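*Asks:* I would like the atomic coordinates for the input below:
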Amino acid sequence: MRTPCDEAVIRSTGAEVPCKAEARIWILAATILGSSIAFIDGTVVNVALPAIQASFHATVVDLQWVIESYGILLAALILVGGSLGDHLGRRLIFVAGVFIFALASAACGVASNIHLLIIARSIQGVGAALLVPGSLAIISQSFDEKSRGRAIGTWSGFTAITTAVGPVLGGWLVEHASWRWVFFLNLPIAVFVVAISLWRIPESRSGVRAGRIDWPGAILSTLGLGSLVIGFVESLDLGWSSPFVFRSLTLGVGSLIAFVFVEAASTSPTLPLSLFKSRSFSGANLLTLFLYAAVGIFFFLFPLNLIQVQGYSATATGTAVLPLILLMFFLSRWSGGLVARYGSRGPLIVGPLIVALAFVLFAVPFIGGSYWRGFFPAMVALGFGMAVSVAPLTTVVMNSLNKDRVGTASGINNAVARVASVLAIAVLGIVMVKAFAFRLNTSLVHFSLAPVVLQDLQANETKLAGLQAPAALDPITRTAVDETIREAFVFGFRIVMVICAGLSLASAALAWSLIPKRS
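*Replies:* Alright, predicted model coming up:
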């Protein structure tokens, strides 16, 4: 049965035959909505974390795994997802990714405990790794060279809008319904995307005989990244002397070393090491690693701060991030003009410096301060700094290699950004818990608490601001202890924000030393 876009099918010769205008609208709609459920999920779930913690009486380690289980598999498999599309069919893999993501979202929504939620989130990560690279690949094959740039721009603009609306809508659902609806919201969107994809999107695959899919590399990268994160995260509960933690970290390091050797010997590597011979490409990815590590841990801790410490509603917390997203959306075209006028190096120095200033500003507010005087200026600075940085960073990545490698280069840079976030939440999450515990224990010395009460508080320190004073305490003491818990969280948050400022400064230094002046 012929589809309305049969004339756009990329035939075995690999020749491009663009879609009709009517079909293009549907293709854009499907790819935008398909990508959006993955992008929205990355921000909305953070807003739901306090509600999830309260529902399951979870620790910060559990919350880390809610985020990390998704991020590990997405980061490790996103390049494989692109390769599978080239080999087996881009529409097939895109639809499979949306279908897997939807099933996993339903499983998240009905999860009866935190462990089932974490397992379902990891399956979501697999689905996202299939659908995210597939969306842009479908656009690239369905539009001719003249209209492709506008189509990608439309895709970028609308995904930015949905990403902006997502936290607000998600926060409203958490506040007025349940955190479970954050996941159920994906289901009708996924049904629409699958239906439109099967009806209107033509199948396409690489016309040139491609090499084998690098399954050994995919397995080693997933095992290495996952084992490292397991070691870091579980050290909070088990301690650094635990044999399990030692074995996890050893397996992680060993797997990543083996991954490098496998990629060097592979004829079709997931991560072509030869690309890193380019000074610009290496510098851009190192900059990405540092900058997105800072952004990743920020978005993990910031909703916890607003909801559990500052007393914001989930809706207000989602709205609080809007200045950043809107600035990045409206300034993206202006930022691209900076590259044309000044090159990428200057903006990639100035942008991270502004981001560093933003993190310093985030370290200033105290409990109960006004959003407009406390967090709003910092959020504006963060949005402006990221707007200045993102377009030049993309330009450097694309221009640092030959045109036939830009797809691989973009995929690697995307994966590096996701790996940065995963590692930052694992490593700086430890810093946050240790700083919180230090401040809490120091402050509790001034209270005349019974040993059993003190032990109970110390045993649950990994709940961070979700920790509550025992109900057996008298009201005055309980209120004072609750205030001490919130102050301890702010203390740890400030330390992490200062570290994030340092990571951003390191990004600017990398741009200064590794990015050519007129790149």
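*Asks:* From here on, just use CA atoms for contacts and neighbour counts.
*Replies:* OK.
*Asks:* Walk me through the domains of the protein.
*Replies:* 15-211, 215-265, 436-496 (automatic domain parsing).
*Asks:* most tightly surrounded among the ones you listed?
*Replies:* domain 15-211 (a mean of 21; mean count of other Cα atoms under 10 Å).
*Asks:* need the contact list for residue 301.
*Replies:* residue 493 (Cα atoms under 8 Å, 6 or more residues apart in numbering).
*Asks:* Tell me the predicted confidence for it.
*Replies:* Note on residue 301: pLDDT of 94.
*Asks:* quick one: low-confidence parts of the stretch 151-300 of the chain?
*Replies:* Across the stretch 151-300 of the chain, the ranges flagged by pLDDT under 70 are 152-153, 156-157, 160, 205-211.
*Asks:* wait, residue 258 sits on residue 219?
*Replies:* No. Under the criterion of Cα atoms under 8 Å, residue 258 makes no contact with residue 219, lying 10.7 Å away.
*Asks:* one step back: mind checking the domains of the chain for the one nearest to residue 400?
*Replies:* Among the domains of the chain, domain 15-211 comes nearest to residue 400, with 18.9 Å by Cα to Cα.
*Asks:* The closest one: how far from the chain's middle?
*Replies:* 12 Å (Cα atoms, centre = their mean, to the nearest Å).
*Asks:* Residue 175 is in contact with residue 316, isn't it?
*Replies:* No. Applying Cα under 8 Å as the test, residue 175 and residue 316 come out as separate, 9.7 Å apart.
*Asks:* Restrict stretch 435-449 to CA atoms and write it as CSV.
*Replies:* Extracted C-alpha coordinates of stretch 435-449, given in CSV (Å, rounded to 0.1, in the frame of the first residue of the first chain):
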residue,chain,number,x,y,z
ALA,A,435,28.3,18.9,53.2
PHE,A,436,24.7,18.5,54.4
ALA,A,437,25.7,15.9,57.0
PHE,A,438,28.6,17.9,58.2
ARG,A,439,26.5,21.1,58.7
LEU,A,440,23.6,19.1,60.2
ASN,A,441,25.7,17.2,62.7
THR,A,442,27.6,20.4,63.7
SER,A,443,24.2,22.2,64.4
LEU,A,444,22.6,19.3,66.2
VAL,A,445,25.3,19.4,68.9
HIS,A,446,23.5,22.5,70.2
PHE,A,447,20.3,20.6,70.8
SER,A,448,19.8,18.4,73.9
LEU,A,449,18.5,15.4,71.9
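*Asks:* Next, the contact list for residue 253, please.
*Replies:* 224, 228.
*Asks:* That one is in what secondary structure piece?
*Replies:* helix 243-265 (DSSP states H and E).
*Asks:* count of residues packed around residue 350?
*Replies:* Counted by other Cα atoms under 10 Å, the residues lying close to residue 350 total 18.
*Asks:* so after the helix or strand where residue 74 lies, what's the next helix or strand?
*Replies:* Assessed by DSSP H and E, residue 74 sits inside helix 60-88. Remark: after helix 60-88, the chain's next helix or strand is helix 90-110, criterion DSSP H and E.
*Asks:* That following helix versus helix 60-88: what angle between them?
*Replies:* Orientation of helix 90-110 against helix 60-88 (axes from the mean of the first three to the mean of the last three Cα atoms, to 10 degrees) gives an angle of 160 degrees.
*Asks:* Including distance to residue 305, could the domains of the chain go into JSON lines?
*Replies:* Output for the domains of the chain, formatted as JSON lines (distance: least, Cα to Cα, whole Å):
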{"stretch": "domain 15-211", "distance to residue 305": "10"}
{"stretch": "domain 215-265", "distance to residue 305": "20"}
{"stretch": "domain 436-496", "distance to residue 305": "8"}
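*Asks:* who wins for proximity to residue 290 among the ones you listed?
*Replies:* Nearest to residue 290 among those is domain 436-496 (13.8 Å), distances taken as Cα to Cα.
*Asks:* how about the helices in the stretch 351-500 of the chain?
*Replies:* Using DSSP state H, counting those that start in this stretch, the helices of the stretch 351-500 of the chain run over residues 371-374, 376-399, 406-444, 451-459, 475-514.
*Asks:* Packing partners of the second one?
*Replies:* Read that as helix 376-399. Counting contacts by 3 or more Cα pairs under 8 Å, 6 or more residues apart in numbering; DSSP states H and E, helix 376-399 packs against helix 279-304, helix 322-330, helix 332-342, helix 345-362, helix 406-444.
*Asks:* okay, the angle between that helix and helix 322-330?
*Replies:* Put simply, helix 376-399 runs at 30 degrees to helix 322-330, going by the same axes, to 10 degrees.
*Asks:* Quick one: work out the angle between helix 376-399 and helix 279-304.
*Replies:* 150 degrees.
*Asks:* what's next to helix 376-399, contact-wise?
*Replies:* 280-281, 284-285, 320-321, 323-329, 331-332, 335-336, 338-339, 343-345, 347-348, 350-355, 357-359, 361-362, 406, 409-410, 413, 519.
*Asks:* Weed out the non-buried ones from those residues.
*Replies:* Buried by 16 or more other Cα atoms under 10 Å: 280-281, 284-285, 320-321, 323-329, 331-332, 335-336, 338-339, 343-345, 347-348, 350-355, 357-359, 361-362, 409-410, 413, 519, out of these.
*Asks:* residues in contact with residue 175?
*Replies:* Shown in contact with residue 175 (Cα under 8 Å, 6+ apart): 313-315.
*Asks:* Only the buried subset of those residues, as a PyMOL command please.
*Replies:* Restricted to buried positions by 16+ other Cα under 10 Å, the PyMOL selection for the contacts of residue 175 reads:
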select buried, resi 313+314+315
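*Asks:* so which of the contacts of residue 175 would you say is closest to residue 110?
*Replies:* Nearest to residue 110 out of the contacts of residue 175 is residue 314 (Cα to Cα; 20.4 Å).
*Asks:* Quick check: that closest one touching residue 174?
*Replies:* Yes. Here residue 314 reaches residue 174: they are 6.4 Å apart, a contact under Cα under 8 Å.
*Asks:* Next, show the common contact partners of these two.
*Replies:* Shared contacts of residue 314 and residue 174 (Cα under 8 Å, 6+ apart): residue 48.
*Asks:* if I pick residue 31, what's in contact with it?
*Replies:* Contacts of residue 31 were listed using Cα under 8 Å, 6+ apart, and they are 135-136, 138-139, 155, 193.
*Asks:* One more pass at 10 Å, please.
*Replies:* Applying Cα atoms under 10 Å, 6 or more residues apart in numbering to residue 31 gives the contacts 94, 131-132, 134-139, 155, 159, 193, 196-197, 201.
*Asks:* for residue 366, same thing?
*Replies:* Taking Cα under 10 Å, 6+ apart, we find residue 366 in contact with 309-310, 374, 486-487, 490-491, 494.
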